[in-house]
Every structure is written in structure tokens, then in C-alpha cells.
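Quick one: sequence and predicted model below, then my questions.
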Amino acid sequence: MTRKLLIRDLTLRDGQQSAFATRMTQSQVDRVLAYYKDANFYAMEVWGGAVPDSVMRFLNENPWDRLEKIHHVVGGVSKLTALSRGRNLYGYAPYPDEIIDGFFKNAVASGLGIMRIFDALNDVDNIKSSVTSIKKYGGMADCAVCYTIDPKYDEAPSAESKKRGFFGFFPKKREIAGSAQKLIFTDDYFINKAKEMLALGADMITIKDMSGLIPPSRVAKLIPMFKEELKVPIDFHTHCTPGFGLGAVLTAIIYGADIVDTVIWNFAGGPAAPAIELIYLFCKKLGIELDVNMEAVAKINENLFEIRKELEAYDAVKQFPKPFNPLTDVLPPEIDKKFDIAIEAAKRNDEMALLDACHAIETYFNFPKPDERVKEAEIPGGMYTNMVAQLKQVNSLEILPEAMKLIPSVRLDAGLPPLVTPTSQIVGVQAVSSALNLKNGRPKYANPSNQFVSLVKGEYGKTPVPVDPEFRLQITGTREETNYDTSLYKRQENPVLEEYGGLSLAKDEKEELLLELFPAVAANYLKRERQAEWKAMQDKHYSTDQEADLSSGQTMVQSAENKDGKVKESVDSQVQEEREDSPKGYCVVSPMPGNILQIAVKEGDIVEKGDNLLILEAMKMENEIVSEVSGTVHRIYVHPGDTVMEGITLIEII
């Protein structure tokens, strides 16, 4: 009986997120959907991850529309899948069950078939609610074990770290209670996590290697273990960034994976997953059947070529693979032989020979070479690029090596979390902040982000190793581990926008969920939507009323738009005028570029030194800006939603 391999196509979510910063517009997606209906993939990952945030933030599009329009065309041919972060969903704080349940109810109703659920700490308790809800509404729970590795410790310990023992930065190994600590992320660690997920009701299990750091030799051990002990389908997910991807996927296939994740040719390789076309060639040689219409895939790929050119400004590698159609093009004999060599090397678990053959194949087709920086750093590619971007913003790129060296110690201090969103961002941003602090003579953990504080406190869940109580006291003010209390959760406000005819900011449950999951981004997006609807209503009114004074009506609309500085152009103008009036008191300045998320004071308030003034969002981290003096808030120069640069005055205190 011929063995079948199922394919989950990642092109429209993880593929474009990894390679093009999630900038595909709905019109670009629409151009390939008819061909996707014919392609017959087992599943298509089209939503979740950064998609809901990005389509609002950058494209001014509705995330729910993205999912519903894809479902309308593809229907039930392929299961539509998404990615969510357990109790955090898409935010950076845990949500109560009522939010999680409402989200899954609407997601399934909008066409979602499978949710890949993971937790950044591999804390299985954090995925319970999501598993319950997706199954409750008829979807499938794909529970993902996040693959990670124990860090390397190459920096000499500081005097402070020596005092803190295990929680310091030791070379090569760490100590707990005076004894050498064994490796944490062993094969047993991963299989035990998977068993816990299966007990919750997982319909399938994914080995999720978000960093591309799993070598083929590890795959050859894990896949048989998972197949032996877990009687559900096993999916394998990885990336090509450090150079293991193609060899790892081939190994997963040979050792029994039921499903593998791939991307279509022109979006594949580099920071993304391997190309379906290469997997198709391997499977032909192995006698494994794919229920995928490769003619339809070729048509999708033709469109992706043009779409990629349109996305040039966001292209992470700017390197197109050599045009290739496995149905019509013939491989040179020497390259065809490399496929055979790779298969034989994978079967005998000869990792070096396997990787050499796979790299030769990728080089021939002009896929990006392995990123040695990411491989050496052993962190996700996205984490690395975000650190670079953050340092560029503050003109301090020269301290990147120091920030990279701090990652293991910051990660260890925080309980050794796997590096996957959001913990990869939390640790990466903190490493950058710590490097900047040390450069400027401040303590390593001066002004930690709210998310780092929450991670150390225990609000994200159980970390793989315990956090030192003394370090927790230093960062959070308490030695006790404290779980997040969802009973204290306060829902986002849904204000009535008087300036737009009394429309509510969010008009239905789906938009209310957007506000809950993406407070600042959704508020700005929905405000633009309500503004457009108000304009449309006014235009319709004036076009049908021939006696109306059109110029007066336009003046009224413009006046409404600018009321209280709600429109961004008005805000910018107002802020600029206010800043031209030189402040005379103590100036609270922005320590880094970011967005004003929330202002905790108002003009005239009396504040004490250490009081929270506002929350600045930078690199998706929330940073409390506190007052360094006592006094009266004389003037506030910014508004929620404003974008500010480093050094700009935010608040004046006298």
C-alpha cells in the first residue's frame, strides 16, 4: 500500500510573514485563491501569527475579512489553519476564558478548521482553554510542542552573577543548589509535553521548530518517539534560516511524520520553510504519494513571482530562486544525484552528508545560504532582525554583539523560556535594553519592560526552570511566584465616537475581540473605519439633498474629524505647536522610539517620584515611564496612539 504524506501549505501566513513582514494585501491573496481551491492541500495556514495585527496596522484591512474571504473561495477543499499562543492568543497578556471562547466561536464561524495552539513556555496548563473551545465549536486542536535548546554560556561571570549562583552567567554550565544541572530540553522533555497535550484532547501534535534549529539527527530520534507513543497524526514544522530546514523535513518524512509544513517556491527557503516542489521530488523518489495538484501549485507560483516583486520593499532576502517546475523541468544529472545522496544519508542518519547534499540542491536553485549569524546565536531569525531594528532606531547598532552575549543570561534569569513569540521578543528586547543600560552606566535591569516583569513574576505560567526568588524580588518587588489572575482582567472600553455621529468604536463582537487582542492597533484601525463610515453617510446625505449647503456640510465634517485632535494629522500639528512652546519645568523624555499606548495622568495631577506617568510601546513591549521627580503635571505633549522618537518631551512637571 502506497504511503501518503499530507502537506500543510504555509505560504499565505508563515511564508509571507517570514519573508515579507506580513505585507500581502487582500487583493494579492485573492489573485491566487482560485488556484488554491484546485491545489488540494490537506491544510492551508492563512491566519493567526502576525496576520491579524499586521493587516490592521499596515494594510488598513479587517483580519476577519481575510479569513472569511479565503474560506469563501477555498471552501472545504483544504482545512484553513491558524496559529495562536495559548492563553495569550495574540496579545502579550493572558486572557480570561470568556475572551478565549468568544474568539474561537467567531474564528470557527469565519472558516477556521484547525488551530495550532502553542505556549511560549511549553506550559500545558496555558493551552487548556483553547483546546476546549476550538473543539467545542467543531474545529481541530493541533497542539504544538515548541522545540528549543539549552543555551551556551560563553561569557565570564560577573561579580554580581557569582553572588547569585545558578542565576548568574556561567561559562559552559550552570549550577543549581551547588550541583551541576542536567540539560533541560531533552527528548523526554518534549515527549512528556506532547503526552500532556494529548491528554487534553489534542487531535494532532506538531513539533514546532520556530527557529530552524533542529538538526536532522534530532528529528530522526524525536519523530519515531512521537509516532510510537502518540496515536494521533504528527506534523513537523521548521524553517530554513540556519541551514537545517530541507534536511530536517526530509528526515521527518523518512522517519514517519504524517504531515509536513512547506511553502510554495517563490516564497520558500531562507527565513521560511522548505519548498513544496523540492519535497515533491523527494517523495517521488521515495514512492510516497502527495494528494497535491502540482499543476495548480505551478499556477500559484507564477502569481507569487509577480506578487514578490510587488513586495520588494519588504523582501527579507531579495533573492529569487531559479525558476523551476518539477512537472516540466528536467534536473541536471549531478543535481538529480544529490537528491539520491540526501535520501540515503537521511536513512542512515549521516547528518553531514545529508546537509551537504541539501545545501548543494539549494545552492543550485539559488535559495539563500544558511544564515551563520542566526545559527551561531541559536535564536529565531525574527528575534535577531528585531534586535537589529531596535538598535538601529537608537543609533546603537555597534552594541549588537554585547546584546547577543546577554541573551543566555537574560533568558536564564527569566527561567529559561523557549525562544518563541512572545518570549523571544521579551528576552530579545530585554537583552537590547540591558546592553544599552550597561553602555550608559545603568544597572543591567534598569526599567525592565512590563512583559519581562510579568514573565519573571510568573504571570505567563511555569518556566522550565524556577526563577531565583531574589532576582524576582529585584525585578517585581516580591519573592513569591504569582500567577496571572484573570478575574482582575478589565475589558477594553468601547467608546461612543461623538465626532463620528455617535458611532461606537467597535460595532460587533468580532470588532470588540479585535480591541481586546490588539488594543492600540485595533483602536486606531477601527477609528479610521468609523471615520470612513461617517464620511460615507454624510456624502450619501448630501448627494440626495439638493437643497443642502454642500460647502457648509464639508466644513462640518472636517470640524468633526478634527474635534479633540482625533485625526492623526491634527494630532501631529497640535503636538508640534505645543512643543514649540518651550517647557519650563522638568521634562520627561522618551527613552526610546515607540508608540504612546496609555497615559495614566492628566494635567494638574500631583505626582510623586516613581509614579507611573504613561505606557510606551516599543518593539511590541510595554514600558512604564515613571516620574523621576515629585510635582504637578503641567503639560502633556502627547496623546494615546502618537508615535514618538527617542529624546522627545512627553510630559512637563513643575
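Here it is on my side, so go on.

C-alpha only now, for contacts and for neighbours.
OK.

So what's the residue count around the closest residue to Ala248 other than its chain neighbours?
Distances taken as CA to CA, 6 or more residues apart in numbering put Pro216 closest to Ala248, at 4.3 Å, once the chain neighbours are dropped. Using other CA atoms under 10 Å, Pro216 has 25 neighbouring residues.

ok, now the one 3 residues further on?
One way to gauge burial is a neighbour count; for Val219, by other CA under 10 Å, it gives 23.

Tell me who's in contact with it.
Applying CA atoms under 8 Å, 6 or more residues apart in numbering to Val219 gives the contacts 248, 251-252.

how close does the residue nearest to Ala248 get to Asp187?
14 Å (CA to CA, to the nearest Å).

pLDDT weak spots in this protein?
Counting by pLDDT under 70, the chain shows low-confidence ranges at 153-181, 543-583, 592, 618-621.

Give me the buried stretch members for the longest helix belonging to it, please.
Using DSSP state H to define each element, the chain has its longest helix at helix 519-544. Using 16 or more other CA atoms under 10 Å as the test for burial, helix 519-544 gives 519-531, 534-535, 538-539, 542.

where exactly do the helices run in the stretch 151-300 of the chain?
Along the stretch 151-300 of the chain, counting by DSSP state H, counting those that start in this stretch, helices occupy 159-163, 187-200, 216-229, 245-254, 276-286, 294-310.

related to what we said a few turns ago, packing partners of the longest helix of the chain?
Here helix 519-544 touches helix 51-57, helix 509-517, helix 550-562, going by 3 or more CA pairs under 8 Å, 6 or more residues apart in numbering; DSSP states H and E.

who touches the first one?
Right, helix 51-57. Helix 51-57 has contacts (CA under 8 Å, 6+ apart) with 13, 17, 22-23, 25, 61-64, 518, 521-522, 525.

try stretch 500-507
494-497, 512, 515, 523, 526-527, 530-531, 534, 560-561.

With stretch 397-415 instead?
Applying CA under 8 Å, 6+ apart, the external contacts of stretch 397-415 come out as 151-155, 167-169, 377, 387-388, 391, 417, 427-428, 430-432, 434-436, 452, 455-456, 463-468, 471.

For those, which ChimeraX command selects only the ones that are buried?
Burial among these is assessed by 16+ other CA under 10 Å; the matching ChimeraX selection reads:
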select :151,152,153,167,168,169,377,387,388,391,417,427,428,430,431,432,434,435,436,452,455,456,463,464,466,467,468,471
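
Which ones among the contacts of stretch 397-415 lie within helices?
Using DSSP H, the contacts of stretch 397-415 in helices are 377, 387-388, 391, 427-428, 430-432, 434-436, 452, 455-456, 471.

Pull the most distant pair out of those residues.
Val388 and Phe471 (27.4 Å; CA to CA).

So for stretch 45-57, first residue to last residue, what's the gap.
Taking CA to CA, the first and last residues of stretch 45-57 lie 20 Å apart.

Please apply the same query to stretch 613-625.
Start-to-end, stretch 613-625 (CA to CA) is 6 Å.

begin at 475 from here
Noted, 475 is the first residue going forward, which turns the last one into stretch 1087-1099.

ok, how many other residues are close to the closest residue to Ala668 other than its chain neighbours?
If you skip the residues right next to it in sequence, Ala668 has Val619 as its closest partner in space, 6.4 Å away by CA to CA, 6+ apart. A total of 26 residues lie near Val619 under the criterion other CA under 10 Å.

any idea which element Val619 lies in?
Assigned by DSSP states H and E, Val619 belongs to strand 614-620.
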